[in-house]
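1. Got a sequence here, can you build the structure:
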Amino acid sequence: MNAHLKPLVISLAMALSFNVMPASAGNGPGNNAGMTCISVPAGAQISESEAASLSFMREEEKLARDVYQNLYAQWQDVVFNNIATSEQTHMDQIKCLLDGYGLPDSALDEVGRFNNSDLQTLYDSLIERGQTSLIEALRVGGLIEEVDIKDLQQAISETEVVEIQMVYNNLLKGSENHLRAFTGRLEQLGETYTPQLLSAEAVSDALATAIFDLDSQTVVINELRIRQNGRLLPQTNMYQVELRMNRDGQTLQLMKVQRHNAPQ
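-> Residues are numbered from 1 along each chain as shown. Next up is the predicted model:
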């Protein structure tokens, strides 16, 4: 690392938003119109295991979308609607790869129906559990995202195809954002989220809101929540955050958080 970067102070002015989901590219399982597909080299081929992985992840993202649509209809909590929209985008991104490699679409048009019997069983159990209470429905959302994170991390480790890695990494970031949204909503309701599949350390890593990338010399802050006197501060305000890089060149220290009035 360059020596002049060590005393770096980073000031960030940001409007904090709970809805961090990208816009949908379509409504149906196979609709990727309106979005830019990742470019797959002409004639490119992938292994049977990579093709199977794409097919499975297409259905797993559909499971997430279908569950969240169902839970939104049940509880009318906007977090489910927002994330269902994001899951549609995830489905569309995988559909782009399936199309690019000339593979059939593994997702059925019917909501709540799956070719993969394990996913069908999981969907049925999650719907039953999520209908018992809003709190339990939010925990169902957390479990789905933990499953996604685990499966995506494994899928990324099992392929060297750049295009597949790019899409899976994007989906992984989305799942971490979604898990953050569900845990944040539970916190708003006075509940604490307990990991259901991943280790506590893995969930903590997934929920990390600030990451300093030594390779690109950049700071990524997915979402920042600020608590004062035991209560979360309003997200309608603006905050300036100052971070200073420590002498080890690898860690950041929070120096100051200052609240500003939100622009009109």
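
2. Against Ala42, how distant is the residue nearest to Glu176 when sequence neighbours are not counted?
-> Counting by CB to CB, 6 or more residues apart in numbering, Glu176 lies nearest to Ala206, which is 4.6 Å off, once chain neighbours are set aside. Backbone N, C-alpha and C define where each C-beta goes, glycine included. According to CB to CB, to the nearest Å, Ala206 stands 36 Å off from Ala42.

3. where do the helices sit along this structure?
-> In the chain, the segments counted as helices under DSSP state H are 48-75, 78-100, 117-130, 134-157, 162-188, 200-206.

4. deepest of the ones you listed, which one?
-> Per-stretch averages of neighbours, counted by mean count of other CB atoms under 10 Å, single out helix 78-100 among the helices of the chain, with a mean of 23.

5. if we can go back for a sec, residue contacts, the residue nearest to Glu176?
-> 149, 175-176, 179-180, 198 (CB atoms under 8 Å, 6 or more residues apart in numbering).

6. can you redo the residues you listed as JSON lines with pLDDT and distance to Ile135?
-> Converted to JSON lines, those look like this (pLDDT from 0 to 100; distance: CB to CB, whole Å):
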{"residue": "Ile149", "pLDDT": "95", "distance to Ile135": "21"}
{"residue": "Ser175", "pLDDT": "94", "distance to Ile135": "21"}
{"residue": "Glu176", "pLDDT": "91", "distance to Ile135": "21"}
{"residue": "Leu179", "pLDDT": "95", "distance to Ile135": "16"}
{"residue": "Arg180", "pLDDT": "92", "distance to Ile135": "17"}
{"residue": "Leu198", "pLDDT": "95", "distance to Ile135": "20"}
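
7. and the two most separated of these?
-> Using CB to CB, the contacts of Ala206 reach their maximum pairwise distance at Arg180 and Leu198, which is 13.7 Å.

8. so what pLDDT did the closest residue to Asn81 other than its chain neighbours get?
-> Using CB to CB, 6+ apart and skipping residues adjacent in sequence, the residue nearest Asn81 is Tyr72, 4.5 Å away. Confidence at Tyr72, expressed as pLDDT, is 98.

9. With Arg244 instead?
-> Arg244 carries a pLDDT value of 74.

10. separation between Asn177 and Asn169?
-> Using CB to CB, Asn177 is found at 13 Å from Asn169.

11. now Leu119
-> In terms of CB to CB, Leu119 sits 22 Å off from Asn169.

12. Could you do Ser53 as well?
-> In terms of CB to CB, Ser53 sits 14 Å off from Asn169.

13. Likewise for Ala44?
-> In terms of CB to CB, Ala44 sits 18 Å off from Asn169.

14. domains of the protein?
-> 3-15+224-260, 48-207 (automatic domain parsing).

15. any idea which of these scores lowest on pLDDT?
-> Minimum mean pLDDT among the domains of the chain: domain 3-15+224-260, a mean of 59.

16. if I look at the nearest residue to Asn170 once chain neighbours are set aside, how far off is Glu145?
-> Nearest residue to Asn170, sequence neighbours excluded (CB to CB, 6+ apart): Gln93, at 6.8 Å. Between Gln93 and Glu145 the computed distance is 17 Å (CB to CB).

17. Thanks a lot, see you next time.
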